[in-house]
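Undergrad: need a structure here:
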Amino acid sequence: MLSILLTTFDCEDAAALSRFWVKTLGYTITFERADWVMIGNPERKDVGLGFQPVPEKKTVKNRVHLDILVRDEPLETARARLEGFGATTDRFVDNGEAGQHYTMRDIEGNKFWLVPGAES
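TA: Residues are numbered from 1 along each chain as shown. This is a model prediction of the structure:
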């Protein structure tokens with residue numbers, strides 16, 4: 001059986017981007033050096049995130065994005081909190097019965113979706 005260990009971001013500034021995601025997800029840094037940072041959930045064995053600096057800048061759209069589930073606060077509150085960390089909101093999407101989400105970008109322009117959970 002195979003399973004995903006990490007989702008890794010190529011990035012300009014591994015320290016800054018990893019800290020954005022630490023604040024966003026409540027994860028902790030599990031490993032750090034100049035050329036590699038890993039973060040993970042201290043309470044569970046969720047998939048971790050890795051960050052490695054690369055010389056080239058992001059030039060095209062993401063081919064993969066994270067769906068971030070909002071569980072314990074209203075969706076609008078979570079969106080505003082992430083904007084306070086430096087995220088930007090592209091748009092709100094309402095797909096009717098299929099659900100709603102915000103399309104957002106982290107501090108390096110990587111897209112992610114902010115999705116309401118049952119409690120948000």
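Undergrad: quick check: domain ranges of this structure?
TA: 1-54, 65-120 (automatic domain parsing).
Undergrad: Now the element after the longest helix seen in the chain, going C-ward?
TA: Ordering each helix of the chain by length in residues (DSSP state H) puts helix 14-25 first. Past helix 14-25, further along toward the C-terminus, the next helix or strand under DSSP states H and E is strand 28-33.
Undergrad: and for the next helix or strand after that following strand, what are the contacting residues?
TA: Moving toward the C-terminus from strand 28-33, the next helix or strand (DSSP H and E) is strand 36-40. Outside strand 36-40, the residues that touch it by Cβ atoms under 8 Å, 6 or more residues apart in numbering are 6, 14-15, 18, 21-22, 25, 27-32, 46, 48-52. Using the backbone N, CA and C atoms, a C-beta is placed for each residue, glycine as well.
Undergrad: try 7 Å
TA: For strand 36-40, the surrounding residues in contact (Cβ atoms under 7 Å, 6 or more residues apart in numbering) are 6, 14-15, 18, 21-22, 27-31, 46, 48-52.
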